[in-house]
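Trainee: coords please:
(one chain, ligands or ions: 2)
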Amino acid sequence: MYTCGPTVHNFAHLGNFRAYIFEDLLRRTLKYFGYRVIQVMNLTDVEDKTIHASNELGIKLSEYTKKYKDSFFEDWDILRIERAEYYPAATEHIPEMVDLIQRLIKAGHTYEVDGSVYFRISSFSDYGKLANVQPDKLKTGLRVDSDEYEKEDVRDFALWKAWTPQDGEVFWDTPLGRGRPGWHIECSAMSTKYLGTHFDIHTGGVDNMFPHHENEIAQSVCGYGDKFVNLWMHNAHLIINGEKMSKSLGNFYTLRDIISYGNSPRVIRYFLMSAHYRQLLNLIFDPVTGDKGSFENAKGALDRIDEFRVKLAEIKKRKTNDSIDPAVTKILGKASAAFEGALANDLDISGVLGAVFSMIKDVNRLLASNDISSRDADLIEEKLKDWDRVLDVISPDKEESFDEARIDELVEERNRARREKDFARSDEIRDQLASEGIIIQDTADGTRWRKK
Ligand code: AMP
Ligand code: ZN
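Mentor: Residues are numbered from 1 along each chain as shown. Ligands and ions are numbered 1, 2, ... in the order given. The predicted structure follows:
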């Protein structure tokens with residue numbers, strides 16, 4: 001599986017993470033169903049934007065991109081996104097790109113203008129089929145030089161860009177002359193290096209479909225003479241309060257921004273995962289009014305899971321008998337079938353999450369009339385753990401779980417103090433927890449705690 005990765009010219013924004021979370025869900029799903037996954041994600045560390053920015057700052061391109069490469073991996077881990085097997089950087093694969101361009105030259109798909117090499121789209125009859133764009137017969141022969149362009153510009157694109165003074169120190173001396181690769185060639189050259197000329201899945205956001213993926217197909221099919229990709233999967237965009245996220249609209253957020261407004265990584269992951277990947281996902285969020293909208297909803301869902309987990313932990317503490325309640329087996333069987341069926345149905349995440357919450361509801365209903373054994377609670381916990389191999393939102397964030405053990409201890413100490421009629425101490429603990437946003441509830445089944 002090949003995934004178009006970040007252009008490392010800035011911190012990744014929340015929209016980028018929608019793409020990476022979709023790809024994470026896909027790779028975990030494939031693994032869940034027993035497939036072996038080799039995922040390659042490129043790091044675009046040389047193209048128009050990075051060259052421009054590093055030259056403006058007067059620093060080396062590699063120095064400029066290193067900061068964003070590092071932050072990208074930090075964010076990746078914060079959101080629990082599984083690491084791909086390979087992260088090839090464009091600047092480390094110039095010879096492979098030159099080799100592919102030479103193949104295209106040899107096969108007659110290119111022409112040269114002032115030292116730059118262009119792909120002639122009229123030489124490839126399938127050009128435009130993926131994104132359903134029609135190369136305008138009158139316009140073919142016209143060229144486009146920028147790395148990114150719109151559908152109106154269905155034109156011959158640059159494979160190799162001859163050095164210009166604007167590029168400063170960024171150039172490679174190669175058999176094609178002094179210059180640098182166009183943006184599109186890296187994905188064709190690097191996917192083939194790591195996955196071969198024909199592989200299973202290629203992903204990216206819908207904005208990549210044209211021109212980037214269209215150009216990748218043209219380069220790979222014409223250069224290597226193989227089928228290239230079996231299945232293209234594109235995620236729809238994340239939008240904010242109904243609008244496109246952009247710097248000029250002032251609604252542009254990085255992961256760090258969103259966390260700084262008090263949203264946990266687990267809540268953010270849940271939100272980004274919660275809509276089907278082919279549907280627009282609208283984030284309702286307003287830091288000025290403090291409206292956490294979508295994140296509040298995501299937190300509500302996770303709170304329900306957490307309350308349920310606390311309940312299971314309490315049942316296990318009681319150390320009841322080992323019998324298995326057939327009603328529990330039935331609930332888990334039904335939920336598993338629903339979970340796996342939805343997952344296999346093009347990652348139908350609503351169905352998947354629906355299965356999780358139906359299971360919780362069914363067990364809660366059972367608990368209202370029946371007691372279940374600690375063995376039953378174990379089985380339910382195991383099921384949640386198994387599902388979390390795909391979702392990775394059920395277990396708490398690392399910091400939260402650290403807190404959880406400490407809070408359990410404090411609650412225990414408070415109960416001890418109450419038994420010993422040391423009410424000053426028990427009140428003190430209650431107040432301390434309250435100041436941390438933890439509410440204690442004394443119920444017939446023992447003491448529970450939850451976050452405000
Ligand atoms: P970029 O760093 O711009 O090349 O983008 C990296 C990945 O994020 C690509 O797969 C893009 O298609 C995807 N992407 C960019 N913006 C959004 C967005 N608003 N919503 C979802 N995916 C996006
Ligand atoms: Zn790509």
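Trainee: alpha carbons only for contacts and neighbour counts from here, please
Mentor: Fine.
Trainee: what residue ranges in the protein are flagged as low confidence?
Mentor: Counting by pLDDT under 70, the chain contains low-confidence ranges at 137-140, 319, 399-403.
Trainee: helices of that one, residue ranges please.
Mentor: In the chain, helices defined by DSSP state H lie at 14-32, 48-57, 61-78, 94-106, 185-195, 214-224, 255-260, 265-273, 293-317, 326-344, 349-369, 374-391, 398-419, 423-435, listed in chain order.
Trainee: now for the first one, which elements pack on it?
Mentor: Helix 14-32 makes packing contacts with strand 198-205, strand 238-240, helix 265-273, helix 374-391 when contacts are defined by 3 or more C-alpha pairs under 8 Å, 6 or more residues apart in numbering; DSSP states H and E.
Trainee: same check, this time on the fifth one
Mentor: Contacts defined by 3+ C-alpha pairs under 8 Å, 6+ apart place helix 185-195 against helix 94-106, helix 214-224.
Trainee: tilt between the shortest one and helix 185-195?
Mentor: It refers to helix 214-224. Between the axes of helix 214-224 and helix 185-195, defined by axes from the mean of the first three to the mean of the last three C-alpha atoms, to 10 degrees, the angle is 60 degrees.
Trainee: cool, and the longest one?
Mentor: Inter-element angle recorded for helix 94-106 and helix 185-195: 110 degrees (by the same axes, to 10 degrees).
Trainee: would you mark the buried spots in helix 94-106?
Mentor: Burial within helix 94-106, assessed by neighbour count using 16 or more other C-alpha atoms under 10 Å, is assigned to 94, 96, 97, 98, 100, 101, 102, 103, 104, 105.
Trainee: out of everything not next to it in sequence, what's closest to residue 189?
Mentor: residue 97 (5.4 Å; C-alpha to C-alpha, 6 or more residues apart in numbering).
Trainee: show me the contacts for the residue of the stretch 351-452 of the chain at minimum distance from ligand 2.
Mentor: Among the residues of the stretch 351-452 of the chain, residue 390 lies nearest to ligand 2; the distance is 25.0 Å by C-alpha to the ion. Residues touching residue 390, when contacts are defined by C-alpha atoms under 8 Å, 6 or more residues apart in numbering, comprise 25, 28, 29, 32.
Trainee: can I get the helices of the chain in a markdown table with distance to ligand 1?
Mentor: As requested, these are arranged in a markdown table below (distance: least, C-alpha to the nearest ligand atom, whole Å):
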| stretch | distance to ligand 1 |
| --- | --- |
| helix 14-32 | 3 |
| helix 48-57 | 11 |
| helix 61-78 | 10 |
| helix 94-106 | 19 |
| helix 185-195 | 12 |
| helix 214-224 | 14 |
| helix 255-260 | 13 |
| helix 265-273 | 10 |
| helix 293-317 | 16 |
| helix 326-344 | 20 |
| helix 349-369 | 16 |
| helix 374-391 | 19 |
| helix 398-419 | 26 |
| helix 423-435 | 37 |
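Trainee: turn the ones you listed into a markdown table, including distance to residue 132.
Mentor: Conversion of the helices of the chain to a markdown table gives the following (distance: least, C-alpha to C-alpha, whole Å):
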| stretch | distance to residue 132 |
| --- | --- |
| helix 14-32 | 22 |
| helix 48-57 | 26 |
| helix 61-78 | 32 |
| helix 94-106 | 23 |
| helix 185-195 | 20 |
| helix 214-224 | 10 |
| helix 255-260 | 33 |
| helix 265-273 | 28 |
| helix 293-317 | 34 |
| helix 326-344 | 27 |
| helix 349-369 | 27 |
| helix 374-391 | 33 |
| helix 398-419 | 45 |
| helix 423-435 | 58 |
